[in-house]
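Trainee: Predicted model and sequence follow; I will ask about them next.
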Amino acid sequence: MDNTVFGFTEAQITEFGLTYGVGGLMLLMIFIVAHLAWKCKAGKTGTFILFLALTFGLLGFVAKFVIQSYLNIK
């Protein structure tokens, strides 16, 4: 088993990290933004603005995953 870590290749580890690792960090960021909105008592409009502004970058990563799934790109 050359070039493996615990029986996994580098490509498998990278795919796992990008799928579940970044996904988990995205969920953590959503919880942080929600906690921030709750602590500062932002209200409905303020909470919407916080989520829109602070989680807009997540949309690109999710769109990339959806487009790859739709086009069957691996």
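Mentor: Cool, the structure landed. For clarity, every value in this text was computed on a predicted model and none was experimentally measured.
Trainee: State which helix of the protein is the longest.
Mentor: Within the chain, and with DSSP state H defining each element, the longest helix by residue count is helix 22-39.
Trainee: Go through the very next helix or strand once past that helix and flag the buried ones.
Mentor: As assigned by DSSP states H and E, the chain's next helix or strand after helix 22-39 is helix 43-54. For helix 43-54, the neighbour count (16 or more other CB atoms under 10 Å) marks 47, 50-51 as buried. In this view, the C-beta of every residue, glycine as well, is placed from N, C-alpha and C.
Trainee: Next, format those residues as CSV and append distance to Glu15.
Mentor: As requested, these are arranged in CSV below (distance: CB to CB, whole Å):
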residue, distance to Glu15
Thr47, 34
Leu50, 32
Phe51, 28
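Trainee: Torsion angles phi and psi at Val5?
Mentor: Backbone torsions of Val5, given as degrees, to the nearest 10, read phi -120, psi 110.
Trainee: And for Lys41?
Mentor: Main-chain dihedrals, Lys41, degrees, to the nearest 10: phi 50, psi 60.
Trainee: got a pLDDT number for Arg18?
Mentor: In this structure residue 18 is Leu, not Arg. For Leu18, the pLDDT comes out at 85.
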